[in-house]
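Enquirer: Return atomic coordinates for the entry below.
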Amino acid sequence: MADNNGFRPSKQCLQASSSFVLASILAFTLQIYFFSPISPDPLHLPQISASHNLPINNKLQEVTKIGEGFLNKPEDLCFDEEGTLYTATRDGWIKRMHRNGSWEDWKLIGGDSLLGVATTRSGGIIVCDALKGLLKVDDDGVSLLTSQFNGSQIRFADDVIEGSDGIMYFSIASTKFGFHDWYLDLLEAKPNGQLLKYDPFLNHTSLLLDNLCFPNGVALSQHQDFLVVCETWKYRCLKYWLKGERKGTTEVFIENLIGGPDNINLAPDGSFWIAQLELRFEGILGFVHTSKASKHLLATFPKLLGLIQGIHKKATVVKVGADGKMMKRFDDPNGSVMSFVTNALEFEDHLYLGSLNTNFIGKLPLLDLDDPNFI
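Expert: Model (predicted):
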């Protein structure tokens with residue numbers, strides 16, 4: 001029967017249209033699989049341990065905003081012995097806040113790849129530049145400490161800490177994907193990261209741990225007998241022994257965390273503060289981590305990631321004892337004040353919070369939260 005215009009498509013026309021559609025689907029599929037930049041494995045996110053799943057609260061909504069409008073996504077921060085705060089921002093600056101609360105554009109490094117920062121015993125700070133390597137920054141300027149390991153360029157230096165002996169320990173988040181392609185490492189879900197050691201006296205870089213899943217924050221214990229490194233995609237932190245009978249061995253420090261651990265910092269009492277990221281995709285694409293097809297799709301069309309990731313929608317930091325037991329948890333459950341928190345550092349009874357989704361550093365008084373009825 002003809003349609004209202006008296007036209008009826010021929011059988012040949014329908015076959016041609018069907019062939020075109022099938023060919024387009026096939027071409028699209030081949031584009032995704034054969035030109036995908038990743039070779040993914042399933043990522044099975046762990047069930048949150050019952051002992052870690054403390055009640056959600058809104059304590060991070062009570063922060064004071066310091067440096068508001070002056071800072072561009074301050075991911076990490078540190079304090080020197082005089083109480084000066086340093087932070088690296090996404091516009092390439094190292095900025096610092098003096099004791100009197102005044103801010104200063106201290107040193108311009110440039111680019112958008114400045115990540116972890118740490119103070120040094122010799123003065124100044126160490127900076128992880130994801131594109132350049134490990135940098136030393138002081139009043140005299142910026143110098144390159146190390147940029148290569150084992151004959152290859154260090155491409156994703158992430159976080160760093162210096163020991164009392166001057167030795168520096170730093171993470172390489174991925175040896176396969178660069179800083180601007182970090183999401184590909186998440187989608188691939190393979191252990192592409194490393195933990196390195198830099199000896200400034202010998203100008204030598206060596207390997208401590210290999211095959212890590214996006215190693216991120218690094219912290220030394222109170223007595224510097226072990227090192228803790230966060231494996232973000234594994235939702236766990238590892239302990240690497242530096243001294244004693246277990247020197248050179250590795251064990252799990254804490255696992256099955258609420259979120260993917262980002263940066264970690266030693267607290268004055270010997271415990272650790274860990275910032276955690278929400279990496280569980282939302283909605284109908286919640287199966288992404290276990291579906292290779294969807295991983296290839298997102299790797300080929302990365303703008304789709306912005307529709308499903310939850311890191312900009314909430315914030316969580318936890319305090320973990322030196323024995324790996326959960327002690328406290330602070331949240332902004334809907335991200336109304338703090339979200340995408342990447343760092344939590346305790347200094348003089350306050351918790352300072354860095355974030356990749358703010359133009360300020362959050363400052364939270366801890367003495368007010370020491371109520372024994374508050375977890």
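
Enquirer: rest of the way, CA atoms for contacts and neighbours
Expert: Noted.

Enquirer: so what's the closest residue to residue 243 other than its chain neighbours up against?
Expert: Once flanking residues are discounted, residue 243 sits nearest to residue 225: 5.0 Å by CA to CA, 6 or more residues apart in numbering. Taking CA atoms under 8 Å, 6 or more residues apart in numbering as the criterion, residue 225 is in contact with 241, 242, 243, 244.

Enquirer: quick one: which of those residues is nearest to residue 318?
Expert: residue 241 (22.7 Å; CA to CA).

Enquirer: low-confidence ranges in the stretch 251-375 of the chain?
Expert: Low-confidence segments of the stretch 251-375 of the chain, defined by pLDDT under 70, span residues 281-286, 306-310, 369-375.

Enquirer: ok, now with 80
Expert: 279-287, 303-312, 368-375 (pLDDT under 80).

Enquirer: quick one, helices of it?
Expert: Ranges of helices in the stretch 251-375 of the chain, per DSSP state H, counting those that start in this stretch, are 292-300.

Enquirer: the strands in it, which residues?
Expert: Under the criterion DSSP state E, counting those that start in this stretch, strands of the stretch 251-375 of the chain are mapped to 260-266, 272-277, 315-320, 326-332, 341-347, 350-355, 361-365.

Enquirer: tell me which strands and helices the second one is in contact with?
Expert: Spelled out, it's strand 272-277. strand 260-266, strand 315-320, strand 341-347 (3 or more CA pairs under 8 Å, 6 or more residues apart in numbering; DSSP states H and E).

Enquirer: can you list contacts of that strand?
Expert: Strand 272-277 is contacted from outside by 258-267, 311, 315-322, 340-346, using CA under 8 Å, 6+ apart.

Enquirer: Then the fourth one?
Expert: With contacts defined as CA under 8 Å, 6+ apart, strand 326-332 is touched by 51-52, 54-61, 314-321, 338-339, 375.

Enquirer: now these: which count as buried?
Expert: With neighbours counted using 16 or more other CA atoms under 10 Å, these contain these buried positions: 52, 54, 58, 60-61, 314-321, 338-339.

Enquirer: Tell me who's in contact with the spatially most central residue of the chain.
Expert: Among the residues of the chain, the one closest to the centroid is residue 262, at 4.0 Å (CA atoms, centre = their mean). Neighbouring residues of residue 262 by CA under 8 Å, 6+ apart: 216, 217, 230, 232, 274, 275, 276, 277, 342, 343.

Enquirer: Select, from the residues you listed, the two members most distant in space.
Expert: Farthest pair in the contacts of residue 262, by CA to CA: 232 and 343, 13.2 Å.

Enquirer: the more surrounded of these two?
Expert: Neighbours of residue 232 and residue 343, each counted by other CA atoms under 10 Å, are more numerous for residue 343; the result is 29 against 25.

Enquirer: Does the residue nearest to residue 177 when sequence neighbours are not counted lie in a helix or a strand, and which?
Expert: Leaving aside its sequence neighbours, residue 177 sits nearest to residue 185 (CA to CA, 6+ apart; 6.3 Å). Residue 185 belongs to helix 182-188 when assigned by DSSP states H and E.

Enquirer: Mind giving me the packing neighbours of that helix?
Expert: helix 292-300.

Enquirer: Please name every helix or strand in contact with the helix it packs on.
Expert: Helix 292-300 packs on helix 11-34, helix 182-188, going by 3+ CA pairs under 8 Å, 6+ apart.

Enquirer: List the buried residues in it.
Expert: Across helix 292-300, burial judged by 16+ other CA under 10 Å covers 292, 294, 295, 296, 297, 298, 299, 300.

Enquirer: Counting only strands, which of the contacts of residue 225 make the cut?
Expert: In strands, judged by DSSP state E, the following of those are found: residue 241.

Enquirer: Just the closest of the contacts of residue 225 to residue 304, please.
Expert: Set against residue 304, the nearest of the contacts of residue 225 by CA to CA is residue 241 (40.8 Å).

Enquirer: That closest one contacts residue 229, doesn't it?
Expert: No: using CA atoms under 8 Å, residue 241 is not in contact with residue 229; the gap is 11.2 Å.

Enquirer: So those two - more neighbours on which side?
Expert: residue 229 (29 against 19).

Enquirer: Could you find the closest non-adjacent residue to the more buried one?
Expert: Distances taken as CA to CA, 6+ apart place residue 218 nearest to residue 229, at 4.6 Å, with adjacent residues excluded.
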